[in-house]
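**Q** Just a sequence and a predicted model for now, questions to come.
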Amino acid sequence: MVNAPRSKGNFAIGAKAFADKLLYDEMVDIPLDRLLALGEANLEKDYQAFVATAREVAPGKTPQEAMASLESEHPASENLVASTKSTIEGARQFLIDQNIVEIPSEVRPSVLETPPYARSGSFASMDTPGAYETKATEAFYYVTPPEKDWDAKHVEEHLRLFNPSVMNMITVHEAFPGHYLQFIYAKQFPTKTRKLLAVSSNAEGWAHYAEQMMVEQGFGGKTPKQRLAQLSEALLRDCRWVVGMKEHTQGMSVDEGAKKYFTEKCFQQPANAYEEARRGAYNPTYLYYTLGKLEIYKLRTDYERAKGANFTLKDFHTQFVKQGGLPIKLIRKVLLPGDTASVL
């Protein structure tokens, strides 16, 4: 049997398809040049904050060395699930103690290794059943272990991501108050459409917003290490914004341009940087994490202005998550009747 030649096609979808995808997936119609400028500006802001915080964590060291000081403490492969599970209760209790959001269930997610078929490009994820499921009702918080055929260097680079400070942020994102909280509200969403569908700038935007919001509220003890971990997660999503756009509209390569960008601008380990760069090739608009986060912060500011003295974070967060995964443009119309302001 003769092997077929390898594909020589270009993965980039091009500017028009990129803009159309944002419009029809997320109801975002911002011109691409302005959108890229917004992403690069937010990346620069977070980059400078990361560098400044790194100086607090490790005076006299480089930002990479400061991040390495966090990453040097990480679980062994066999302890990855147990280490992840240990973060659940602290995040959940913080929401209660600080009046962050209403939690409508006592049930927790199950923490397991990511199934082999779902490991490509995934370090951690939340797998939840649909709102109408009556039998397989359990939600799974997955973390991806190293593969058995990896060399020691690759294993170490992978595990460094799961250091305690970053693991706190991952649990905030995936579980409390991120995706798992969205799931336990799903049966209460007011329409069938909202129970069945969700846009990424809402789902991932909310989970990413939660990381920054929780640290601002004091989660993790207001330590420089926890702030650095939060900023490292923010930088990662900022780089996704810029890389996704440049890979698909400006010809950025995966192996050279995108991988290098994640390594230099976001301080990612080389193995993880390559996975992130490769993901951009098949997930063009993975800018929706930071885009959604910024849209939610803008909505929160406008909602607080409208509510005045009656505003509370708990009310805003609970009202937001109750609406389901609507585009933020539509969430604004629900929470701010008559609203005509921009999403950003």
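**A** Yep, that arrived.

**Q** how about residue 104, secondary structure?
**A** Three-state assignment for residue 104 (DSSP: H, G, I helix; E, B strand; the rest coil): coil.

**Q** you'd agree it is up against residue 185?
**A** Yes. Between residue 104 and residue 185 a contact is recorded at 6.4 Å, counting by CB atoms under 8 Å. All C-beta spots, glycine's among them, are computed from the backbone N, C-alpha and C.

**Q** which one of these two has more residues nearby?
**A** With other CB atoms under 10 Å as the criterion, residue 104 and residue 185 differ in neighbour count, and residue 185 comes out ahead with 21 against 14.

**Q** The spatially closest residue to that one that is not a sequence neighbour: helix or strand, and which one exactly?
**A** Distances taken as CB to CB, 6 or more residues apart in numbering place residue 321 nearest to residue 185, at 5.3 Å, with adjacent residues excluded. Residue 321 is part of helix 313-322 when elements are defined by DSSP states H and E.

**Q** residue boundaries of the helices in the stretch 151-300 of the chain?
**A** Defined through DSSP state H, counting those that start in this stretch, the helices belonging to the stretch 151-300 of the chain, from first to last, are 152-160, 164-174, 179-185, 192-196, 200-216, 224-249, 259-266, 270-282, 288-307.

**Q** ok, back up a step: what about the residue nearest to residue 185, neighbour count?
**A** If we define neighbours as other CB under 10 Å, then residue 321 has 24 of them.

**Q** follow-up on the earlier one: of the helices of the stretch 151-300 of the chain, which approaches residue 33 most closely?
**A** helix 224-249 (9.7 Å; CB to CB).

**Q** Which elements pack onto the closest one?
**A** Secondary structure elements in contact with helix 224-249, counted by 3 or more CB pairs under 8 Å, 6 or more residues apart in numbering; DSSP states H and E, are helix 15-26, helix 32-57, helix 63-71, helix 164-174, helix 200-216, helix 259-266, helix 270-282, helix 288-307.

**Q** angle of it against helix 164-174?
**A** For helix 224-249 and helix 164-174, the angle between their directions (axes from the mean of the first three to the mean of the last three CA atoms, to 10 degrees) works out to 60 degrees.

**Q** Now do helix 224-249, average pLDDT.
**A** Averaging pLDDT along helix 224-249 yields 97.
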